[in-house]
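1. One predicted model, sequence on top.
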Amino acid sequence: MKRKTRMIHGGISEDPATGAVVYPIYQVSTYKQEGVGGHKGYEYSRTGNPTRHALEELIKDLEGGTAGFAFGSGMAAITAVMMLFNSGDHIILTDDVYGGTFRVVTKVLNRMGMEFTFVDTSDLENVKREIKANTKAIYIETPTNPLLKVTDIEAAAVLAKENNLLTIVDNTFSTPYWQNPLELGADIVLHSATKYIGGHSDVVAGLVVVGSEQLARDLHFVQNSTGGVLGPQDSWLLIRGIRTLGIRMEETEANTKAIAAFLQSHPKVKKVYYPGLETHPGHEIAKKQARGFGGMISFDVGTSENADRLLSKVKYFTLAESLGAVESLISVPARMTHASIPAERRRELGITDGLIRISVGIEDVEDLIADLTQALA
């Protein structure tokens, strides 16, 4: 199947019991057993729910993995993956990660005795220098949030295998429509499904796909033990969202390319971050490993005052957390999504007070450009 076809017909695309072409919501907590242990595949909905299972099978098919897992949020998914490791284990992470990822590993998981090092993974020499005897994994976000840095997934996976490490990739920005890390050698791929996969700002969820039976057993044990599972109604919403993911990503990408070109030529914009621009440092790698460049742009207008003035003028860009929806969103990472990162660290990374991040939606691109034009003026 081609990718857009798989998004509709992959996984468990209809209800075998009734023939319903949309898989139903099984709003149930427990299941009748004919005898002790004699259930029909489900015994308790924390362990497994038919609607959640349909979603997990679908994301497994889309990412080309061994098993899929659905969690109550992207952070729940990331935390569950981190629970595959033990006290004393060391993990190398992309420096420019989502603020929530930075917060959970530096404020919560570090209490468990785990060690974390942040490096610019777009240069794998940085990763090599940090590998230690207790290093267990390389965690990559690519493109990153919010500076859109690009890491060579295939090269990182080769380096990881040479050192007996796992490769974990946050694929939220690209989605399985544009990029498939498991096909490039990664072991685990995860998504904040709240974003593009849901696509309509109406669900909070996280998805994980693993590339081996052992990882599938280990992660299922963690998911069942800790219980951060996605409910059936939200699972159904994600299945619905995935059905239009391909056409949404194509429309978003077309809009984003036009807006990036506009911003790059605007005299009041100091710098534009978008992998689809040939001037972007990661452009060639992005072109090699992904089929599209996505719908996220960051641009610098110099100062927080300039950023605030722009935010007060836009009409079609909604000031809000999150990204990846049909409506265009705008934010200031330093004071919103990345506020949990210390100011000194933000400055080191280049997340300035004048940096604005936009998630381009599927509105008419002429309206979006006109909106930015008048706001920048």
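-> Perfect, thanks for sending it.
2. pLDDT score assigned to the residue sitting nearest the centre point of the chain?
-> For the chain, the residue nearest the mean C-alpha position is residue 172 (1.8 Å; CA atoms, centre = their mean). Listed pLDDT for residue 172 reads 98.
3. Correct me if wrong: it contacts residue 191.
-> Yes - at 5.1 Å, residue 172 counts as touching residue 191 under the criterion of CB atoms under 8 Å. The C-beta positions use only the backbone N, C-alpha and C, and glycine is treated the same way.
4. Common neighbours of these two, please.
-> Any residue near both residue 172 and residue 191 by CB atoms under 8 Å, 6 or more residues apart in numbering counts here, and that gives residue 74.
5. hmm, back to that, the residue nearest to the centre of the chain should be in a strand, yeah?
-> No - according to DSSP: H, G, I helix; E, B strand; the rest coil, residue 172 belongs to no strand; its state is coil.
6. Show me what secondary structure element comes after the helix-or-strand element of the chain with minimal mean pLDDT.
-> Using mean pLDDT, DSSP states H and E, helix 343-349 stands out as the lowest-scoring helix or strand of the chain, at a mean of 87. Sequence order places strand 355-359 as the next helix or strand after helix 343-349, per DSSP states H and E.
7. same for that next one, what does it pack against?
-> For strand 355-359, the packing partners by 3 or more CB pairs under 8 Å, 6 or more residues apart in numbering; DSSP states H and E come out as strand 296-300, helix 304-313, strand 329-331.
8. now it: how far from the chain's centre is it?
-> Distance of strand 355-359 from its chain centroid, counting by CA atoms, centre = their mean, to the nearest Å, is 16 Å.
9. Sheet partners, orientation included, of it?
-> strand 296-300 (antiparallel), strand 329-331 (antiparallel) (DSSP bridges).
10. Can you say which of the ones you listed is packed in most?
-> Stretch with highest mean neighbour count among the strands paired with strand 355-359: strand 296-300 (a mean of 24; mean count of other CB atoms under 10 Å).
11. Just the angle for that strand relative to helix 304-313, thanks.
-> Between strand 296-300 and helix 304-313, the angle comes out at 130 degrees (axes from the mean of the first three to the mean of the last three CA atoms, to 10 degrees).
12. In the top helix by length along the chain, which residues are buried?
-> Under DSSP state H, the helix in the chain containing the largest number of residues is helix 245-264. Across helix 245-264, burial judged by 16 or more other CB atoms under 10 Å covers 245-246, 248-249, 251-253, 255-257, 259-260, 262-263.
13. Check which helices and strands that helix sits against.
-> Under the contact criterion of 3+ CB pairs under 8 Å, 6+ apart, helix 245-264 touches helix 3-9, helix 175-178, strand 271-273, strand 296-300, helix 365-376.
14. Quick check: pLDDT value at the residue lying closest to residue 55 once chain neighbours are set aside.
-> Take residue 55 and drop its neighbours on the chain: the residue closest to it by CB to CB, 6 or more residues apart in numbering is residue 235, 4.4 Å away. We have a pLDDT of 98 for residue 235.
15. Show the contacting residues for residue 235.
-> Here residue 235 is in contact with 25, 49, 51, 52, 54, 55, 70, 205 (CB under 8 Å, 6+ apart).
16. what sits against residue 147?
-> 96, 273, 298, 349, 350, 351.
17. I'd say residue 216 and residue 222 touch.
-> No - counting by CB under 8 Å, residue 216 stays clear of residue 222, with 11.1 Å between them.
18. which residues touch residue 58?
-> Per CB under 8 Å, 6+ apart, neighbours of residue 58: 7, 10, 11, 12, 13, 68, 239, 242.
19. Recalculate using a threshold of 6 Å.
-> By CB atoms under 6 Å, 6 or more residues apart in numbering, the contact set of residue 58 is 10, 11.
20. Give the phi and psi angles for it, as a check.
-> phi -70, psi -50 (degrees, to the nearest 10).
21. ok, it to residue 204 distance?
-> 18 Å (CB to CB, to the nearest Å).
22. before we move on, back to that, tell me which of the helices and strands packed on strand 355-359 sits nearest to residue 229.
-> Smallest distance to residue 229 across the helices and strands packed on strand 355-359 (CB to CB): 27.3 Å, for strand 329-331.
23. Low-confidence bits of the stretch 51-200 of the chain, can you list those?
-> Low-confidence segments of the stretch 51-200 of the chain (pLDDT under 70): none present.
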